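# no sequence for this one, just the structure:
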Ligand code: NI
């Protein structure tokens, strides 16, 4: 069985404070690789540290929309320096979150755009978080992100939006939310996305897949997501596994598989 990637997990999260080493050792042994996006300056630094420590953990750098209000004027310059690390493979997790509104929306938009500009300068792909902000996300992607490749993580938009994003070259990533019982609309998208644009993830420690919904999630659960998504698409897990690995190295050019 082909080992696969968890394209999105947060090892820095508090929920791993008791057993982080163990979880990371398990994940790095079971999986082909894990991408750990940062969500602010400190967690981006940690992501880079994990990538240094473990041969198959890779890092993203960025301020999550929740933490956009914490960004200082020098932080993007710091990211530019850290991005020289061979295993810093993306700018993210970045985007807009109008569900929680932990940062003012105009701050979220400004910080998102500044990260896109950084990704452009550094020739890195972006990892995008979008919750209840589909309209503004699409507007910014269309006007500010020309030529910047990327992935919409835990995709939650409509089929129509997915079609637009695919046309623009974006990848769509699916996690536990695609396994939830009532996620019929999302599974329409899961069935539609071409094999060469699909990624899988856990968003650990969040969004554990069925039948573990509500529990703490771990990167190895990406196998459960793989099985469910393959079933939904009428593909073998092997076909989907190999495709997602190829997609990882196509999108994240610094990852050599
Ligand atoms: Ni995340």
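Yep, that arrived. Note that the coordinates shown come from a computational prediction; the quantities given were computed from them, not determined experimentally. Numbering: from 1, shown residues only.

# wouldn't residue 113 be in contact with residue 144 here?
Yes: between residue 113 and residue 144 there is a contact under CB atoms under 8 Å: 5.2 Å. C-beta here means a position set from N, CA and C on the backbone, and glycine is covered the same way.

# which bits of the stretch 1-150 of the chain sit near the ion?
Applying CB under 5 Å from the ion, we find that the stretch 1-150 of the chain lies next to the ion at residue 93.

# and the residue of the stretch 1-150 of the chain closest to the ion?
Going by CB to the ion, the ion is nearest to residue 93 of the stretch 1-150 of the chain, at 4.8 Å.

# what's around that residue, how many residues?
31 (other CB atoms under 10 Å).

# output the below-cut-off pLDDT ranges for this protein.
The model of the chain has no residue with pLDDT under 70.

# pull the longest strand from it.
strand 88-97 (DSSP state E).

# and it, what does it pack onto?
strand 33-37, strand 57-61, helix 105-122, strand 126-131, helix 134-144 (3 or more CB pairs under 8 Å, 6 or more residues apart in numbering; DSSP states H and E).

# reformat those as CSV; add distance to residue 89.
Formatted as CSV, those follow (distance: least, CB to CB, whole Å):
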stretch, distance to residue 89
strand 33-37, 7
strand 57-61, 5
helix 105-122, 11
strand 126-131, 9
helix 134-144, 20
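
# and these as CSV, adding mean neighbour count and distance to residue 13?
Below are those laid out as CSV (neighbours: other CB atoms under 10 Å; distance: least, CB to CB, whole Å):
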stretch, mean neighbour count, distance to residue 13
strand 33-37, 28, 10
strand 57-61, 29, 14
helix 105-122, 19, 21
strand 126-131, 26, 15
helix 134-144, 16, 24
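
# residue contacts, residue 68?
103, 107-108, 110-112 (CB atoms under 8 Å, 6 or more residues apart in numbering).

# closest to residue 129 among the residues you listed?
Nearest to residue 129 among these: residue 112, at 9.3 Å, using CB to CB.

# bridged to the residue nearest to the closest one when sequence neighbours are not counted, which residues?
Excluding its sequence neighbours, the residue lying closest to residue 112 (CB to CB, 6 or more residues apart in numbering) is residue 94, at 5.5 Å. When assigned by DSSP bridges, residue 94 has beta-bridge partners residue 128.

# and for residue 200?
Counting by DSSP bridges, residue 200 forms beta bridges with residue 174.

# doesn't residue 244 make contact with it?
Yes: if you go by CB under 8 Å, residue 200 and residue 244 touch, sitting 5.4 Å apart.

# between the two, what contacts are shared?
4-5, 7, 226.

# which of the residues you listed count as buried?
Buried by 16 or more other CB atoms under 10 Å: 4-5, 7, 226, out of these.

# could you work out the most separated pair of those?
7 and 226 (11.6 Å).

# so what sits against both of the two?
Counting by CB under 8 Å, 6+ apart, the residues touching both residue 7 and residue 226 are 200, 244.

# sort out which residues of stretch 174-191 are buried, please.
Applying 16+ other CB under 10 Å to stretch 174-191 flags 174-179, 183, 186-187, 189-190 as buried.

# is it correct that residue 223 falls within a strand?
No: per DSSP: H, G, I helix; E, B strand; the rest coil, residue 223 lies outside any strand segment and is helix.

# now it: how far from residue 214?
As judged by CB to CB, to the nearest Å, residue 223 and residue 214 stand 19 Å apart.

# where along the stretch 151-257 of the chain do the helices fall?
Ranges of helices within the stretch 151-257 of the chain are 159-167, 184-192, 222-233, 237-251, based on DSSP state H, counting those that start in this stretch.
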